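1. Below is the structure, and that's it, no one-letter string:
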């Protein structure tokens, strides 16, 4: 039996310990805000926080998630300044990658209150947006940083 | 307008059109043979909107939302003419239903094709509300007017809210379109407003938005399908023992192989059915499948390239002919030839294909991220030999599509499996499935030849393309790209006395489909690279040279079947975007430094004129950086300007992906790429850092915005690389050309 905390709630899991956290969140816990994009930690659509740090949930097994505290987009008290900045900058097109982008951006701003363009590029380059909203994502992160200062 | 909750279902039950309604025959760009069957939309406000007693207006969005903004834009147009308060509008996504007319969200024609209809729908509903108020007040309707969400009688100062009038208005006949007085452009509050935002953004940023990947049905099982690695293969033998041993796997199902032409049919293969997505994926890895032979097993990209280039060097089918190119070439003088080559591309939308379907009592209900729910209905009906009226297709949000989700093979897979299993099924494609079993953008070989006069300008121009056509998806014998000719090939705008565009034949070995801006990608790459080469040979500035070639402002004459009377090719509009982007980018004063350069390209597609300047820095390792992009566009009337800018910023990123990285190849019929490590797309640190978009203020009919930003990007980038390095890029992706 694997125990973990998701968005503050204790949960237990008795299925395949190899199952990636992503599929547990989506198919078992019904938390579909975390998206499947590649299954190889290449695109960042599945980004959640594990003990406060951004991870690709497609590549964290339930075994590895045991005992940890997981925060998904549903666990972010809305509206977070990052979400507000996303709305104000009118970032999304299709929107599929954006929850992963937002989780990555929130994690960035927790460790770096005023990231430079280069630091944002560095932190966000693991998150693909096929619609190509990067310029607005960068602007929104700067805006959120200002808001949170 | 007090309609039954599920208006579309009501339509299914009632069937025939009610009397007294008007059916308009509006369908722009119906050039495509496969769109010809689409019925005209039913212009009746009862179909498109409802008003609740509390004043909530619910507008039906009949186009799919894949990120281009159609789902918001068209209801905004309805709200404009209805004079509704947008903050009191809710959207309802239409199911597939031919009463909405064409619902295929492709070809950048959602707004262009439905703008007038949506204005009429809103205007009719507004007239009905006014009539209801006038009757209640016993005054002539002509004395009544509207303010947002309110009908008023100015003379007496009386007012009634839309919600208060809805019940009475619903009982009134729908007015004739001739009676509808639309708002003058000067009174528009929403159309063209800088404040417009996409309807779904609040749900997107909180993770509440429902994409196809998020659809669930009670009691559903999950399926992952091992498709035949080569097109046309079928299962020869299957060993499923170790797959069945995987925790959560229930069973396997062998799917029927397709019958050519493949169309939108499921590919066949072996489905692993499980309790969750992961178990289905894991079970699939343990299948042992042997496949039958396929003629496409001989498909090898390197060899195919030779055949395609050879085809492009030989005379093809003439798509447009002006003057006598051959006679002009025969005169001798200075002849310039160049060949260009572009590879297959995969769509790689962030959400891979996925669908949920439930077959029950002879009917199917599907939920899918599809660009074309009516095609999904028809495809499911064909696969299960049932009537398409017995198939309901709900449309979720699409996690990107770029044309891939116009092709509903994945939706049919879910329906076929549901019937077989007797329960709802969710089919989930992995990224590997998405990349390896796409409907690919065509590989293309392009041959260009010009005779140039003493002034450096071409006196004769020949262009010839060869590529496996999209028609091969619908006719296995098709080898010519007839429909592709109108996408940037037979519409050269230059004033050249002798000009011929041709298309040479090509065989297909994979499924070919539409990818954002389609053949415009390779056509614009060849034309805009070649003209840049001619400018260099002539020693002229590329923008000035193109303006010279464009000649006097005029309408370009095309043969009858290719001319679009509503959207003629207007070289004045093209000139304007060229001059605008040159001005905004500081083209005339650009720095001429080694390793740094600006490139220019202009292209009209989907009725929109776009000129783009790309600035590059090529570092000592030959790596290309893109600090700036400027794009100027004339898309006629614009509904949501900020969304248009977002589309063009995004096109610059997708353009970067295809120019720098995109390359799908095959070995023995099997696609070599599988995920983002070997089919990379631009990331934040590789994308253009700053893309500025300039929209020409225009009252011309609305044109496309989702696709037209893409075609000029790659040639502008490669022309910039030439300016920076002196190296000419004639093949994509750019990585194939040594820059240092």
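-> Yes, it's here. Note that the coordinates shown come from a computational prediction; the quantities given were computed from them, not determined experimentally.

2. OK, now which residue of chain A is nearest to chain B?
-> residue A:33 (2.2 Å; C-beta to the nearest C-beta). C-beta: built from backbone N, CA, C; applies to glycine.

3. residues contacting that residue?
-> A:72, A:73, A:74, A:99, B:206, B:207, B:208 (C-beta atoms under 8 Å, 6 or more residues apart in numbering or on different chains).

4. got those residues as JSON lines, with neighbour count and distance to residue B:674 columns?
-> Output for the contacts of residue A:33, formatted as JSON lines (neighbours: other C-beta atoms under 10 Å in any protein chain shown; distance: C-beta to C-beta, whole Å):
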{"residue": "A:72", "neighbour count": "24", "distance to residue B:674": "27"}
{"residue": "A:73", "neighbour count": "27", "distance to residue B:674": "28"}
{"residue": "A:74", "neighbour count": "20", "distance to residue B:674": "31"}
{"residue": "A:99", "neighbour count": "29", "distance to residue B:674": "25"}
{"residue": "B:206", "neighbour count": "21", "distance to residue B:674": "32"}
{"residue": "B:207", "neighbour count": "25", "distance to residue B:674": "28"}
{"residue": "B:208", "neighbour count": "16", "distance to residue B:674": "32"}
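
5. which residues in the stretch 401-550 of chain B form strands?
-> B:425-428, B:444-452, B:458-466, B:498-504 (DSSP state E, counting those that start in this stretch).

6. since we're on residue 51, how many residues are nearby?
-> Picking chain A for this. 12 (other C-beta atoms under 10 Å in any protein chain shown).

7. hm, I was asking about chain B
-> For residue B:51, using other C-beta under 10 Å, the count is 30.

8. so who does it touch?
-> B:1, B:2, B:57, B:58, B:125, B:129, B:162, B:163, B:165, B:166, B:169.

9. now the contacts of residue A:33 as a markdown table including pLDDT?
-> Below are those laid out as a markdown table (pLDDT from 0 to 100):
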| residue | pLDDT |
| --- | --- |
| A:72 | 98 |
| A:73 | 98 |
| A:74 | 98 |
| A:99 | 98 |
| B:206 | 98 |
| B:207 | 98 |
| B:208 | 98 |
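
10. From the residues you listed, pick the one nearest residue B:493.
-> residue A:99 (43.5 Å; C-beta to C-beta).

11. what residues are up against the closest residue to that closest one other than its chain neighbours?
-> Spatially, and ignoring its direct neighbours in sequence, residue A:99 is nearest to residue A:73 (4.2 Å; C-beta to C-beta, 6 or more residues apart in numbering or on different chains). Residue A:73 sits next to A:33, A:34, A:48, A:99, A:102, A:103, B:206, B:207 when contact means C-beta under 8 Å, 6+ apart.

12. can you list these in JSON lines and add distance to residue B:84 and secondary structure?
-> JSON lines is the format used below for the contacts of residue A:73 (distance: C-beta to C-beta, whole Å; DSSP: H, G, I helix; E, B strand; the rest coil):
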{"residue": "A:33", "distance to residue B:84": "30", "secondary structure": "coil"}
{"residue": "A:34", "distance to residue B:84": "35", "secondary structure": "coil"}
{"residue": "A:48", "distance to residue B:84": "39", "secondary structure": "strand"}
{"residue": "A:99", "distance to residue B:84": "31", "secondary structure": "helix"}
{"residue": "A:102", "distance to residue B:84": "31", "secondary structure": "helix"}
{"residue": "A:103", "distance to residue B:84": "36", "secondary structure": "helix"}
{"residue": "B:206", "distance to residue B:84": "25", "secondary structure": "helix"}
{"residue": "B:207", "distance to residue B:84": "29", "secondary structure": "coil"}
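
13. For those, give me a markdown table that also has distance to residue A:110.
-> Listed next are these as a markdown table, based on distance: C-beta to C-beta, whole Å:
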| residue | distance to residue A:110 |
| --- | --- |
| A:33 | 19 |
| A:34 | 18 |
| A:48 | 14 |
| A:99 | 17 |
| A:102 | 13 |
| A:103 | 11 |
| B:206 | 19 |
| B:207 | 19 |
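
14. Just name the closest of those to residue B:646, please.
-> residue A:102 (17.0 Å).

15. Now do that closest one, the pLDDT please.
-> Looking at residue A:102, its pLDDT reads 98.

16. Pull up the gap between it and residue B:631, please.
-> The gap separating residue A:102 from residue B:631 is 27 Å, by C-beta to C-beta, to the nearest Å.

17. same thing with residue B:279?
-> When residue B:279 is compared with residue B:631 (using C-beta to C-beta), they lie 46 Å apart.

18. The two: who's more crowded?
-> residue B:631 (30 against 27).

19. Which single residue in the stretch 351-500 of chain B comes nearest to chain A?
-> residue B:399 (3.0 Å).

20. Do me a favour and get the backbone dihedrals for that residue.
-> phi -80, psi 70 (degrees, to the nearest 10).

21. Excluding chain neighbours, give the residue nearest to it in space.
-> Closest to residue B:399 by C-beta to C-beta, 6+ apart is residue B:351, at 2.4 Å.

22. same question, residue B:299
-> residue B:509 (3.6 Å).

23. what pLDDT does the one you found get?
-> Reported pLDDT for residue B:509: 98.

24. List the residues that contact it.
-> So residue B:509 contacts B:231, B:296, B:298, B:299, B:304, B:468, B:666, B:669 (C-beta under 8 Å, 6+ apart).

25. Swap in 7 Å and give it another go.
-> B:231, B:296, B:299, B:666, B:669 (C-beta atoms under 7 Å, 6 or more residues apart in numbering or on different chains).

26. And the pLDDT at the fourth one?
-> It refers to residue B:666. At residue B:666, pLDDT is 98.

27. got it, and residue B:16?
-> 26.

28. so how far is residue A:97 from the residue of the stretch 351-500 of chain B closest to chain A?
-> On the measure of C-beta to C-beta, residue B:399 and residue A:97 end up 8 Å apart.

29. Touching, residue B:500 and residue B:316? I think so.
-> No. Using C-beta atoms under 7 Å, residue B:500 makes no contact with residue B:316, being 10.0 Å away.

30. Just give me the closest of the contacts of residue A:33 to residue B:536.
-> residue A:99 (47.0 Å).
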